[in-house]
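output the structure for:
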Amino acid sequence: MPQSLTPSDVEPETSTMSLTPSEIPDVHEEPSSKLDEKTVSPTIDSENGDIELEHGHIRELEVDLGEVLKEEGLGDIEGDKSPYPEVRAVVPDVDDQSIPVNTLRMWILGFAFTMIGSGINQFFSLRYPSVHIVALVAELLAYPFGILLAKTIPLYTIELGRLGKWCLNPDRHFNIKEHTLITIMSNVSFGFGSADSTQIIQAGKAFYGFDLKPGFSIMVVLCCQLMGFGVAGLSSPWLVEPASIIWPGVLSNCALLSTLHSRVNVMANGWKISRLRFFMYFMVGAGIWYFFPGLIPITFDWSQIAYNTNPLLSPSWAGFAIFFWIVTPGLYYSNVWYTAYLPICTADIYDNTAQVYNVSRVLNSDATFNITKYEAYSPAFLPATFAFVYGISFATLTAVPVHIYLWHGTQIRDAFAGRTKLDIHARLMRLYPKTPWYWYGALTIIILVLSIVMVEVYQTTLPWWAILICAAIPALYMIPCGIIQGITNVDANQLNVLAEFIGGYMFNGRPMASTYPFSSISTRSSQNEDMIFKVLSTDVVGQGLYFAQDMKLGHYLKIPPRTLFFAQGSATILGALTQVGVTLWMLGNVSDICSADQSNGFSCPNGRTTFSSSIIWGAIGPARAYSIGKIYAGLLHFFWLGVLMPLITWVIWKYWRKPGGEGRDWISLINWPLIFVGTYNVPPATGINYSSWALVNIIFNHWIKRKWSAWWSKYNYVLAAALDTGIALSAIVIFFCITYPGAVFPDWWEYCGWKWSATKQHPKEVITDSPFVQWLQLPENGMFGPPNGTWH
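Predicted coordinates for the structure are as follows:
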């Protein structure tokens, strides 16, 4: 006899039935009375464990490709499908609350991938060249393991008394909801890579020689990660629920999940090949091609085309890089800021002899700043691209909130008042008990208090009130940055520059954001504030945007919100503890760790960058470079330029009408935050990254989308996932089979002046479009810039 099952993921307030869009109750009604009339339970075949689905249930969430390929353009937000073709192409618009999610196999794989991903990525983040295992790899690998556990774990139900029942293994079918939640948990480690806050540990212990306590190391990473999680949850009414915030970055995840769990196939502009076969062909092809990037004079290397973002995921109007092509060459060839004595595109900072700035020449033996040595050595000079990127970062910081207030202010106010119009996915999610906002609020407050306790107990000398300023920055920028990225897939978060700027002025002369309980706090420990301030300000929004993006993935695939809360929260804690543990173990057990000539390449490139940044911004300080009368003072004008340009554009759009009174909609596509942030990754990104990105983006998301919309709907996001996955798998093979064992690459791997690493990542130390050449030769005395003794 088949026995009745109680799906483990169904929460008390929900029923166990699938709904068509027309059966969804009004969001202001109590749904239970309407659903109870049709509640049925699936049964299970006692012999093989397969579910026998009764009327009203579905085995798997699938995209109705037959209907999707018939529809073009924007739809009605209150309709039975998503109004956006990008979402309709890969996200199912149905749900079945009886599909199990909170299963043992999900938790086993979720925790396993979190620990393994955090450990491996953190381990190799201390090495150069490195390898980074991305979330799509975890998503792909989780599928066979999920099937294996579904087939092997006993079909057994545990009685929990008043708490009800919990099925160890509810059925033999590994479903898309479990797979989605495993992917979300894995993203904590795979998606984020190494937590930025671990770089403080590297810089403090290896470069400054501080005896950091394990308790501080754990707390600083946990506080940054969990604060981001709390802020993301509080922002969900603005960043997750609205249909217009589609988060293009997760659509490739949705495409891969749908491809693996669905066998639906229809003809699309003459193409009959299934999504799964299409994915496999292009994944293997991309992986093979990754071995041969330099055989032709133009790049078809996907790692370079998608170096900034995946061009297949961004709308065709979202790519702007005009400053890179027009303004920067003008600055360089006119020798503004002495840039013509330096290479045009590099991430290094130079002295007045065109050599990489030697920070050790301005430090005392205890790593404190020495003004006398600084005046005898040199100011710091920035290459043209690097200097100008700081300017447009200043403009971005002011343009982002102004642009969002002008163009999305009504949307923000409606969400605050609960007036957001809900699309099909939001209406389906309303049938699950929501995660109360005060869960995220309480978590945020607790972490804020722990951050204050941390800086006080471990004697960092960072004043407690600075933590409140750190919290105010994410409060101002989380929603604006999230709206921009959620619409365009472009990261407009430039808070690292703002935090460096504010921290450098507030704590000048005290560069290292770490702690050390010295008995003489007034000497070494007094320089600890700047980088703690930076990481607590910056990392919260950076991590928060990742969390919000994953919440949208859970929203699309109908993951119960409270289950998602505990999955993300537990994975965050586990991932943070794993990363701290790996970092501390390596710093204490790997010989010559973080030295430039470490035998196995564990030179701590990220920790070294953090150390250098702490010297430039915390010791030398922005006042010596950007204050009135200093060399880069002109870049401060970008702050007011960032306010003015969105305002002018909005006024033109508002009042410049056609003769019939109609608006000029094309003006609304002028997005100044995107224009300013277009070259945010230069350096290390270069011209070929931007030109190839723009070409691919226009071909696929403009030309093909308009001319062959059915093909685009069926294959575009599957192609994005396939190329990214193929590159990631190939990089892992190259690293572990060729690079790490010490094999020598052939000469054709050296291409266009770049020396590729195993993952084709640009080294942060030297990146140029051509070999090191200057437009102008140094003066006869071998030095440029103001004469010695004239800077302070």
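
leaving out sequence neighbours, find the closest residue to K421.
In this structure, K421 finds its nearest non-sequential neighbour in I77, 5.2 Å apart by C-beta to C-beta, 6 or more residues apart in numbering. Placement of C-beta: from N, CA and C, glycine included.

how is that neighbour assigned, secondary-structure-wise?
coil (DSSP: H, G, I helix; E, B strand; the rest coil).

ok, now which ones touch it?
Shown here is I77, whose contacts under the criterion C-beta atoms under 8 Å, 6 or more residues apart in numbering are P83, A243, K421, L422, D423.

count of neighbours near the second one?
In this case it means A243. A243 has 18 neighbours, counted by other C-beta atoms under 10 Å.

can you check the third one too?
Here the count is done by other C-beta under 10 Å, and K421 has 13 residues near it.

quick check: it touching E78?
Yes: using C-beta atoms under 8 Å, K421 makes contact with E78 at a distance of 6.8 Å.

about what we covered before: and the contacts of I77, which two are furthest apart?
Greatest spacing in these, by C-beta to C-beta: P83 and L422 (11.2 Å).

element containing the most centrally placed residue in the chain, please.
For the chain, the residue nearest the mean C-alpha position is Y546 (5.0 Å; C-alpha atoms, centre = their mean). Assigned by DSSP states H and E, Y546 falls within helix 529-556.

wait, what's in contact with F611?
So F611 contacts A203, F207, Y208, V359, M512 (C-beta under 8 Å, 6+ apart).

what do P83 and L422 both touch?
I77, A243.

re the thing from before, any figure for the gap between the residue nearest to the centre of the chain and I246?
Distance, Y546 to I246, using C-beta to C-beta, to the nearest Å: 16 Å.

gap between the residue nearest to K421 and E241?
On the measure of C-beta to C-beta, I77 and E241 end up 12 Å apart.

overlap in contacts of those two?
L422.

helix or strand for L181, which one?
Assigned by DSSP H and E, L181 falls in helix 176-187.

who does the lengthiest helix in the chain touch, helix- and strand-wise?
Secondary structure of the chain per DSSP state H: the longest helix is helix 384-417. In terms of contact count using 3 or more C-beta pairs under 8 Å, 6 or more residues apart in numbering; DSSP states H and E, helix 384-417 is assigned the packing partners helix 236-239, helix 328-333, helix 464-488, helix 495-506, helix 637-655, helix 672-677.

now those as JSON lines including mean pLDDT and distance to N781?
Converted to JSON lines, the helices and strands packed on helix 384-417 look like this (pLDDT from 0 to 100; distance: least, C-beta to C-beta, whole Å):
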{"stretch": "helix 236-239", "mean pLDDT": "96", "distance to N781": "56"}
{"stretch": "helix 328-333", "mean pLDDT": "86", "distance to N781": "23"}
{"stretch": "helix 464-488", "mean pLDDT": "89", "distance to N781": "44"}
{"stretch": "helix 495-506", "mean pLDDT": "83", "distance to N781": "31"}
{"stretch": "helix 637-655", "mean pLDDT": "93", "distance to N781": "32"}
{"stretch": "helix 672-677", "mean pLDDT": "86", "distance to N781": "38"}
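
between these, which one is closest to W271.
helix 464-488 (28.3 Å).

run the angle between that closest one and helix 384-417 for me.
90 degrees (axes from the mean of the first three to the mean of the last three C-alpha atoms, to 10 degrees).

list the buried ones in helix 464-488?
466-467, 469-471, 473-474, 477-488 (16 or more other C-beta atoms under 10 Å).

next, the angle helix 637-655 makes with the longest helix of the chain.
Using the same axes, to 10 degrees: helix 384-417 against helix 637-655 is 50 degrees.

next secondary structure after helix 384-417?
Defined by DSSP H and E, the subsequent element after helix 384-417 is helix 424-429.

pull the residues that contact the next helix or strand after that following helix.
Downstream of helix 424-429, the first helix or strand assigned by DSSP H and E is helix 437-457. By C-beta under 8 Å, 6+ apart, the surrounding residues in contact with helix 437-457 are 216, 219-220, 222-223, 226-227, 229-234, 460, 462-464, 466-467, 470-471, 515, 532, 536, 565, 569.

whichever of those end up buried, select them in PyMOL.
To isolate the buried members of those in PyMOL, using 16+ other C-beta under 10 Å:
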select buried, resi 216+219+220+222+223+226+227+229+230+231+232+233+234+460+462+463+466+467+470+471+515+532+536+565+569
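
in stretch 258-273, which residues are buried?
Neighbour-count burial for stretch 258-273 [16+ other C-beta under 10 Å]: S258, T259, L260, H261, S262, V266, A268.

ugh, wrong one, I meant stretch 427-434
Neighbour-count burial for stretch 427-434 [16+ other C-beta under 10 Å]: R427, L428, M429, R430, L431, Y432.

as a markdown table, the contacts of I77 with distance to G621 would be great.
Output for these, formatted as a markdown table (distance: C-beta to C-beta, whole Å):
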| residue | distance to G621 |
| --- | --- |
| P83 | 50 |
| A243 | 46 |
| K421 | 49 |
| L422 | 49 |
| D423 | 49 |
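
any chance of the residues you listed in TSV, plus pLDDT and distance to K165?
Listed next are the contacts of I77 as TSV, based on pLDDT from 0 to 100; distance: C-beta to C-beta, whole Å:
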residue	pLDDT	distance to K165
P83	91	40
A243	93	36
K421	91	38
L422	92	33
D423	92	34
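
closest one of those to T372?
A243 (60.8 Å).

quick one: P383 and Y350 touch, right?
Yes: using C-beta under 8 Å, P383 is in contact with Y350, at 7.3 Å.

what is in contact with these two at once?
With C-beta under 8 Å, 6+ apart, P383 and Y350 have common neighbours L342.

on the three-state scheme, E780 is what?
coil.

and it, how many neighbours does it have?
E780, neighbours per other C-beta under 10 Å, totals 6.

mind listing the helices in the stretch 551-700 of the chain by residue range?
Ranges of helices within the stretch 551-700 of the chain are 561-589, 605-613, 623-626, 637-655, 672-677, 687-698, based on DSSP state H, counting those that start in this stretch.

deepest in the core, which of the ones you listed is it.
Each of the helices of the stretch 551-700 of the chain was scored by mean neighbour count; the highest is helix 672-677, a mean of 25, by mean count of other C-beta atoms under 10 Å.

for that helix, packing partners?
Helix 672-677 packs on helix 384-417, helix 464-488, helix 637-655, going by 3+ C-beta pairs under 8 Å, 6+ apart.

and the shortest one, what does it pack onto?
Just to be clear, that refers to helix 637-655. Using 3+ C-beta pairs under 8 Å, 6+ apart as the test, helix 637-655 ends up in contact with helix 384-417, helix 672-677.

most packed of the ones you listed?
Ranked by mean neighbours (mean count of other C-beta under 10 Å), the helices and strands packed on helix 637-655 are led by helix 672-677, with a mean of 25.
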